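Participant: Generate a structure from the sequence data that follows.
(2 chains)
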Amino acid sequence: MKRTLLIITIILLCTCASFAVDPKEIMDKVEELMDFETCIMSATMVNTDKMGSTSMVFTTYEKGNGDTILEVTDGPDKGQKILRLDNDIYIYYPDADEIVRLSSSGLKNSFLGSDFSYEDLTGDDDYNSRYDLTLEENQTIDGDDCYVILLKAKKSSETYQMQRVYIRVSDNLPVQFGMYSKIGKLMKVMYYTDWIEDKGIYMPGHIKVVNSIKKNSYSDITIDEITFNAEIDEKRFDKEEMAW
Amino acid sequence: MFRLALRNTMRNKRRTILTAFAVFIAIFVVLVVLAWLLPVVDDMRVNNIRHMYGNIRIRKADYTKYEDVMPLQFFIEDAEVLAGKIEEMQDVTHVECLSTIYASAYIDGEMKSTMVYGIDPTVSNFTQRDDITVTGSIMGKDEREVMTSTKFLYDYNLKIGDNITIITRTAQGGTNGASFKIVGTIEANDAALNVDIIYMPIDRLSKVAHMEGGALELRVEIVDDNEQESLINSLKSMLGEDYEVVSWHEISVLYSMINIYNGMVFLIAILFFIIASTLIVNTTMMSVMERKKELSTMASLGFSRWKIRLLFIEEGTLISLFGGVASMIVSFIVISILNKTGIDLAKFGVDEVEGWGFSRYSYPFIEGYWYFITTAGMIAVSFIATIIATRHIKRIEIADALREDN
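Facilitator: Down below sits the predicted model:
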């Protein structure tokens, strides 16, 4: 009898262990699903606040390492280009004689007056190396069971010191991000919907960010066109070439 | 009687000089304080009107409503046309089309926060008035040129002829940047302008900030500051509810303080009058006490007590007159010199006081009638003080006083 109980206990423990979820694995899976070598995307952004809304169209060229060049192709800021290389942002204004460089602290600045920051839309999403991950209790978002992973920044230089990511259990795609300040104040919530799949790579077709500090302020990005792993001329990522 | 009074003033020269000096100092301090502080208030009023609000300020109502987030989308369309129309209205002397926004200057790879004033350089108070000193040249209306405050050039080690890139928010909520050549500096006596400011042609600023030729506000100056109401009503009915039309009286921190400030200046004056009159009362009383025997002798010789009292009053008034006239002359000379040299108020920290419109240099001046009013006032105070001090004469017992040893 004792022997039978011991065997059952061992089997149960093994079973539980096999179902234990590692948040790193979940994030790895997310990154794997959204991983690309290059991405060329055309999108429309609409910014809304209590005073009205404005829209613009832009095209981005992004490399897998996070280097990104973005050009505003329509709207009031047409002609502006934004280049992200590592943690530096370079901005080209058509009427300026020089390229303006924002230091890494500028990553949290508003992107073209929207509620997105440069950090939100450019750069590398290697969460495992930048954050400590903790799995929290699952929650249901829009009827979907979701893992909830708390990300705490390893470096104080990170734009968001804390994030809470909601990942659908069914397909391992993130549906919601909560961004927090160092003191734990919710700054913004980002929603990923209308997923697009191409060549096995997933990308949200619609991203909405709601500013939790400014009342009635939010921005929407809708992807109009997207191509993965196409060849991109390296010159596009050269800041000296931005004016051309 | 008058001669006797005059002779008596010379009998105790030390006391006469002391009393006259008290009168002299009181009048001198009052005149210098008035000559210094009244123009300061007036300068502040002028600076508020010229550089901050106009007599009447016109904006889009929503701009003021959301001012804390700098909502550039609420600009006044066709501001120049509207300014032209308003300029034709009765009592209007000048309309300033202006946009003031917070922006960044990109200098040596770093963003520096600064104010940008979009002005029409051909007519603006910031370039065309006599209290403004321009070094270099005035920027062209349609050129990619800017001027800066002297402090801005100094702070960032720039010079006239350098290029600078300015980045600003736009009316659509984005950002935009453009490069400009610095062609000159603007130095103003208004301490509020002695900060980091870039002056840009308003049309250029309008392009950079995507305001489509508009301006954020119009500042209307009128002939008589007290005659605003009818013009404000006319402007309100002309512009409608989308616009905010306000008098500077309603929005200036200074205006509500002017009466208090003037009251304080006059309080200082009264305080010095009281101090001087106390000294006069004291010295006259001492004189009465010391000259009891003499007064009693005069009374024995048939002088009425009232006449004896009048003698003291005449003495006191004569001393005040000497001190007063001397003070008037010296005050006039000192104020005239200070009016030429000016007083550097920066040493008193006015550069640190924002929003009041202090001038950096004050040029003391006081209208001529103030000299006479102050001197006459002091003589009157002295007259009253002597009456109070000589009340004692009525109570002197003549026989006892004659028996007293000196």
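Participant: helices and strands of chain A: which one has the lowest mean pLDDT?
Facilitator: One helix or strand of chain A scores below all others by mean pLDDT, DSSP states H and E: helix A:2-19, with a mean of 51.
Participant: dump the residue contacts of residue B:295.
Facilitator: If you count contacts by Cβ atoms under 8 Å, 6 or more residues apart in numbering or on different chains, residue B:295 has them with B:288, B:308, B:393, B:396, B:401. No exception for glycine: its C-beta is placed from N, CA and C like everyone else's.
Participant: For these, which two are the farthest from each other?
Facilitator: Largest separation among the contacts of residue B:295 by Cβ to Cβ: B:308 and B:401, giving 11.7 Å.
Participant: Which one of those two is surrounded by more residues?
Facilitator: residue B:308 (21 against 17; other Cβ atoms under 10 Å in any protein chain shown).
Participant: Would you state the strands of the stretch 51-200 of chain B in chain order?
Facilitator: Assigned strands in the stretch 51-200 of chain B, in chain order: B:56-60, B:92-107, B:110-119, B:132-136, B:145-149, B:163-169, B:175-188, B:197-201 (criterion: DSSP state E, counting those that start in this stretch).
Participant: what's near enough to touch the residue lying closest to residue A:98 once chain neighbours are set aside?
Facilitator: Computed as Cβ to Cβ, 6 or more residues apart in numbering or on different chains, the closest residue to residue A:98 that is not its neighbour in sequence is residue B:165, at 5.6 Å. If a contact means Cβ under 8 Å, 6+ apart, then residue B:165 has A:93, A:96, A:97, A:98, A:100, B:105, B:106, B:177, B:178, B:179, B:180 as its contacts.
Participant: how near is the first one to chain B?
Facilitator: Think residue A:93. 4 Å (Cβ to the nearest Cβ, to the nearest Å).
Participant: what about that residue, neighbour count?
Facilitator: Residue A:93 is flanked by 25 other residues according to other Cβ under 10 Å.
Participant: Can you name the residues bridging to the residue nearest to it when sequence neighbours are not counted?
Facilitator: Distance criterion Cβ to Cβ, 6+ apart; nearest residue to residue A:93, sequence neighbours excluded, is residue B:177 at 3.6 Å. As for beta bridges, residue B:177 partners with residue B:167 under DSSP bridges.
Participant: same check, this time on residue A:177
Facilitator: residue A:165, residue A:190.
Participant: tell me the contacts of the residue most central in space within chain A?
Facilitator: Centroid-nearest residue in chain A: residue A:120, 5.3 Å away (criterion: Cα atoms, centre = their mean). Residue A:120 makes contacts with A:111, A:190, A:209, as judged by Cβ under 8 Å, 6+ apart.
Participant: do you know how far it is from residue A:61?
Facilitator: 17 Å (Cβ to Cβ, to the nearest Å).
Participant: Double-check that the residue nearest to the centre of chain A belongs to a helix.
Facilitator: Yes. Using DSSP: H, G, I helix; E, B strand; the rest coil, the assignment for residue A:120 is a helix.
Participant: Residues of chain B that sit close to chain A?
Facilitator: Contacts of chain B with chain A, taken as Cβ under 8 Å from any Cβ of the partner chain, map to B:62, B:66, B:71, B:73-74, B:106, B:109, B:111, B:163, B:165, B:167, B:169-179, B:208, B:210.
Participant: Name all residues that make contact with residue B:83.
Facilitator: By Cβ under 8 Å, 6+ apart, residue B:83 lies in contact with B:95, B:96, B:97, B:218.
Participant: again with residue B:156
Facilitator: Residue B:156 makes contacts with B:105, B:107, B:108, B:112, as judged by Cβ under 8 Å, 6+ apart.
Participant: Throw these into JSON lines and include neighbour count and pLDDT, thanks.
Facilitator: JSON lines is the format used below for the contacts of residue B:156 (neighbours: other Cβ atoms under 10 Å in any protein chain shown; pLDDT from 0 to 100):
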{"residue": "B:105", "neighbour count": "24", "pLDDT": "95"}
{"residue": "B:107", "neighbour count": "17", "pLDDT": "92"}
{"residue": "B:108", "neighbour count": "8", "pLDDT": "88"}
{"residue": "B:112", "neighbour count": "15", "pLDDT": "92"}
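Participant: Turn the residues you listed into JSON lines, columns for distance to residue B:378.
Facilitator: Compiled in JSON lines, those are given as follows (distance: Cβ to Cβ, whole Å):
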{"residue": "B:105", "distance to residue B:378": "56"}
{"residue": "B:107", "distance to residue B:378": "58"}
{"residue": "B:108", "distance to residue B:378": "61"}
{"residue": "B:112", "distance to residue B:378": "55"}
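Participant: from what I can see residue A:127 touches residue A:153, true?
Facilitator: No. Residue A:127 lies out of contact with residue A:153 (Cβ atoms under 8 Å); the separation is 10.2 Å.
Participant: Look at those two and report which has more neighbours.
Facilitator: residue A:127 (20 against 16).
Participant: Now do the contacts for the nearest residue to the more buried one once chain neighbours are set aside.
Facilitator: Leaving aside its chain neighbours, residue A:127 sits nearest to residue A:27 (4.9 Å; criterion: Cβ to Cβ, 6+ apart). Neighbouring residues of residue A:27 by Cβ under 8 Å, 6+ apart: A:127, A:128, A:133, A:149, A:165.
Participant: which residues in chain A form helices?
Facilitator: For chain A, the helices defined by DSSP state H cover A:2-19, A:23-33, A:118-121, A:127-130.
Participant: Compute the mean per-residue pLDDT across the second one, please.
Facilitator: Okay, so that is helix A:23-33. Over the span of helix A:23-33, the pLDDT mean works out to 91.
Participant: And that helix, what's buried?
Facilitator: A:23, A:26, A:27, A:28, A:30, A:33 (16 or more other Cβ atoms under 10 Å in any protein chain shown).
Participant: again with the last one
Facilitator: Using 16+ other Cβ under 10 Å as the test for burial, helix A:127-130 gives residue A:127.
Participant: can you give me how far that helix is from the chain middle?
Facilitator: Between the centre of helix A:127-130 and the centre of its chain there are 13 Å (Cα atoms, centre = their mean, to the nearest Å).
Participant: correct me, but residue B:211 touches residue B:75?
Facilitator: Yes. When contacts are counted by Cβ under 8 Å, residue B:211 is listed as touching residue B:75 (4.4 Å).
Participant: between those two, which one's more packed in?
Facilitator: Neighbour count, other Cβ under 10 Å: between residue B:211 and residue B:75, residue B:211 has more, with 26 against 22.
Participant: And what about the more buried one, helix, strand or coil?
Facilitator: Relying on three-state DSSP, one would call residue B:211 coil.
Participant: Now residue B:8. Its backbone dihedrals?
Facilitator: phi -60, psi -40 (degrees, to the nearest 10).
Participant: That one touches residue B:311, doesn't it?
Facilitator: Yes. At 7.2 Å, residue B:8 counts as touching residue B:311 under the criterion of Cβ under 8 Å.
Participant: Give the closest residue to residue B:313 in space, chain neighbours not counted.
Facilitator: Per Cβ to Cβ, 6+ apart, closest to residue B:313 is residue B:386, 4.8 Å.
Participant: Who are the contact partners of that neighbour?
Facilitator: B:280, B:281, B:284, B:312, B:313, B:315, B:316, B:317 are the contacts of residue B:386 under Cβ under 8 Å, 6+ apart.
Participant: Make a markdown table out of the residues you listed and add pLDDT, distance to residue B:194 and neighbour count.
Facilitator: Shown next, in a markdown table, are the contacts of residue B:386 (pLDDT from 0 to 100; distance: Cβ to Cβ, whole Å; neighbours: other Cβ atoms under 10 Å in any protein chain shown):
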| residue | pLDDT | distance to residue B:194 | neighbour count |
| --- | --- | --- | --- |
| B:280 | 79 | 45 | 28 |
| B:281 | 80 | 48 | 19 |
| B:284 | 77 | 51 | 25 |
| B:312 | 80 | 56 | 23 |
| B:313 | 83 | 54 | 20 |
| B:315 | 83 | 53 | 23 |
| B:316 | 83 | 50 | 28 |
| B:317 | 86 | 49 | 17 |
